[in-house]
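[1] Okay, sequence plus prediction incoming.
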Amino acid sequence: MSKRRRAVRRLASAVALFALGCGSSPGLDRAPQRVAGLRLHHEVSGDRALTAVRQFYGDISYVVRGWTAHYGDAPSLILYVATTGDPAAASDLITGTVDRVAAGATPYRDPSPLRLDGSTVYRMAGQEQIHFLFRLGADVVWLSADPEVASTALANLLGVAETAVGAEKPTG
């Protein structure tokens, strides 16, 4: 895949995901230096990220912090993280996001819940990547990853064995 195509895909994914909603995992105050063996390429955080989250959401006051992190080149993955004021707000954000995906209002499809180590994780397909959406406390995480690193990345972030996640296959 060309650098230009990857850049366009990442930009389109970022815009669409912020329009959907995103989140953060406890202990992820900053982007990890490595996920699924891929090195952190760049991170956006602080006021700039929070402004972007609120701009795409429409001034959602319960999103109090946000950041994004891009890893690798090919394969690649992106984390979209937003912290809400409380677990109920995080659940609402996830429910709304899953509802929009299920209604066909996004470039993503087939939201399927998985239970992993006590957490509900929604797996979706779209834009030649695998996407996971999950909540931990007041934080929500959207992970977009190329299929060959998706399971490992999810296992790394949840702190579970990769065998618990299983092999993820792209569906589109």
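    All right, it came through fine. Predicted model only: the values in this text are computed from it and were never measured.

[2] Only C-alpha atoms from now on, for both contacts and neighbour counts.
    OK.

[3] low-confidence ranges in this protein?
    For the chain, applying pLDDT under 70 flags the ranges 1-28, 52-60, 163-164, 166-172.

[4] The most centrally placed residue in it: what's its closest spatial neighbour, skipping adjacent residues?
    The centroid of the chain falls nearest to residue 142 when counting by Cα atoms, centre = their mean (1.5 Å). Excluding its sequence neighbours, the residue lying closest to residue 142 (Cα to Cα, 6 or more residues apart in numbering) is residue 133, at 4.5 Å.

[5] Helix, strand or coil: sort out that neighbour for me.
    strand (DSSP: H, G, I helix; E, B strand; the rest coil).

[6] ok, it - how many residues close by?
    For residue 133, the neighbour count with other Cα atoms under 10 Å is 25.

[7] Cross-check the contact I'm expecting between it and residue 141.
    Yes. Applying Cα atoms under 8 Å, one finds residue 133 in contact with residue 141, separated by 5.7 Å.

[8] From residue 105, how far out is residue 45?
    To residue 105, residue 45 is 27 Å away according to Cα to Cα, to the nearest Å.

[9] more neighbours, these two?
    The neighbour comparison of residue 45 against residue 105 (other Cα under 10 Å) goes to residue 45, with 18 against 12.

[10] if I look at that one, how far off is residue 151?
    Taking Cα to Cα, one finds residue 45 at 25 Å from residue 151.

[11] Which neighbouring elements make contact with the helix or strand harbouring residue 153?
    Under the criterion of DSSP states H and E, residue 153 resides in helix 147-158. Counting contacts by 3 or more Cα pairs under 8 Å, 6 or more residues apart in numbering; DSSP states H and E, helix 147-158 is packed against strand 34-35, strand 76-84, strand 129-136, strand 139-145, helix 162-165.

[12] Dump those into TSV; add distance to residue 119 as well.
    Output for the helices and strands packed on helix 147-158, formatted as TSV (distance: least, Cα to Cα, whole Å):
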stretch	distance to residue 119
strand 34-35	19
strand 76-84	17
strand 129-136	7
strand 139-145	11
helix 162-165	12
